[in-house]
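[1] The following comprises the amino acid sequence and a computationally predicted model.
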Amino acid sequence: MKFYVCPICGNVLIATEENIVTCCGQKLNGQEIKMAEGKHRIDVEEVNGKVHFTSEHGMTKEHHLNFIAYGKNNQYVVIKLDKEKPVDVTLEKQEDVEIIFGCNQHGVWRNE
Ligand SMILES: [Fe+2]
């Protein structure tokens, strides 16, 4: 999966392959996915077969997490996060999956 983030409007676009992706009239480069560190991390709590995601990252209008992708291989659940609201997402738990998430200022990250 390739993740593209528009620096102008913040739109997140996801493609199955590298492609020519544009938004707001600009060509976007696929985001390099960095390993989570500091506040660029999703905290995960498991309760009754579900996973609950929160984060200590700020959620201001200017600087916020903008999506979480939860899954593996070719199948992800993608959640758009609301700026100015804390991260508070509950999903069905899956085994051996990864958590990828985006910050509007600092790119795309993967929980360890
Ligand atoms: Fe950030």
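    Alright, I've got the coordinates.
[2] which other helices and strands contact the host helix or strand of residue 69?
    Assigned by DSSP states H and E, residue 69 falls within strand 65-72. Strand 65-72 is packed against strand 12-15, strand 50-54, strand 75-80, strand 98-103, with contacts defined by 3 or more Cβ pairs under 8 Å, 6 or more residues apart in numbering; DSSP states H and E. For every residue, glycine as well, the C-beta is placed using N, CA and C.
[3] Sort out which residues of the first one are buried, please.
    Just to be clear, that refers to strand 12-15. The neighbour-count check on strand 12-15 (16 or more other Cβ atoms under 10 Å) flags residue 12 as buried.
[4] what residues are up against the residue nearest the centre of the chain?
    By Cα atoms, centre = their mean, the mean C-alpha position of the chain lies nearest to residue 101, the distance being 2.1 Å. Applying Cβ atoms under 8 Å, 6 or more residues apart in numbering, we find residue 101 in contact with 40, 42, 55, 65, 67-69, 108-111.
[5] Equivalent analysis for residue 15, please.
    Contacts for residue 15 (Cβ under 8 Å, 6+ apart) come out as 1-2, 4, 21, 30.
[6] what do you get if the cut-off is 7 Å, keeping everything else the same?
    Going by Cβ atoms under 7 Å, 6 or more residues apart in numbering, residue 15 touches 2, 4, 21.
[7] Assess the claim that the last one and residue 6 are in contact.
    Put plainly, it is residue 21. No - look at residue 21 against residue 6 with Cβ atoms under 7 Å: they stay out of range, at 9.0 Å.
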